[in-house]
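Trainee: Sequence unavailable; structure follows:
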């Protein structure tokens with residue numbers, strides 16, 4: 001059952017259409033070479049012993065780190081990119097300037113890649129003009 005739900009999620013995500021130039025306002029997706037697992041899926045609202053997390057909290061306020069693909073594991077990889085190392089950082093402050101966050105994280109050596117998270121909407125209307133005639 002869990003695998004079916006995961007498969008449905010992936011199929012829906014593949015057919016979702018990004019709205020061009022429209023990204024989530026207070027979130028970014030980050031590829032970590034190393035991530036402190038004990039801080040994922042928790043709201044960070046105080047300083048920790050990890051410098052880049054403390055820097056984010058001090059400069060931008062409370063945030064949450066969560067896995068982008070929660071069921072990804074060490075087998076799910078493309079070349080040397082492991083899908084389990086992609087995380088979304090969601091800031092509780094909705095007025096945050098995400099470009100400043102990206103500039104701050106660009107200097108962090110444990111982060112390989114940073115990207116904006118596009119807003120997606122599902123496209124249930126087929127774009128094939130002959131769709132109706134195929135099933136009559």
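Mentor: Arrived safely, thanks for sending. Treat the numbers as computed from the prediction; the structure is a model and nothing was measured.
Trainee: before we move on, which element is residue 102 in?
Mentor: In this assignment (DSSP states H and E), residue 102 forms part of helix 98-105.
Trainee: Please work out the average pLDDT along stretch 79-88.
Mentor: Stretch 79-88 shows a mean pLDDT of 88.
Trainee: sorry, back to before: which residues touch the helix holding residue 102?
Mentor: 23, 25-28, 30, 52, 55-56, 59-60, 89, 91, 111, 114, 116 (C-beta atoms under 8 Å, 6 or more residues apart in numbering). Backbone N, C-alpha and C define where each C-beta goes, glycine included.
Trainee: Once you drop chain neighbours, what's closest to residue 116?
Mentor: residue 23 (4.1 Å; C-beta to C-beta, 6 or more residues apart in numbering).
Trainee: which ones are touching the one you found?
Mentor: 98, 116, 117, 118, 119.
Trainee: Over to residue 112. Which of the three states is it?
Mentor: strand (DSSP: H, G, I helix; E, B strand; the rest coil).
Trainee: Point out the ones among the contacts of helix 98-105 that are inside strands.
Mentor: Using DSSP state E, the members of these that fall within strands are 23, 25, 26, 27, 28, 30, 89, 91, 111, 114, 116.
Trainee: Beta-bridge partners for the fourth one, please?
Mentor: It refers to residue 27. residue 90 (DSSP bridges).
Trainee: isn't residue 81 right up against residue 33?
Mentor: No - Residue 81 is beyond contact range of residue 33, at 10.7 Å (criterion: C-beta atoms under 8 Å).
Trainee: ok, back up a step: what's opposite the residue nearest to residue 116 in the beta bridge?
Mentor: Residues in beta-bridge contact with residue 23 (DSSP bridges): residue 118.
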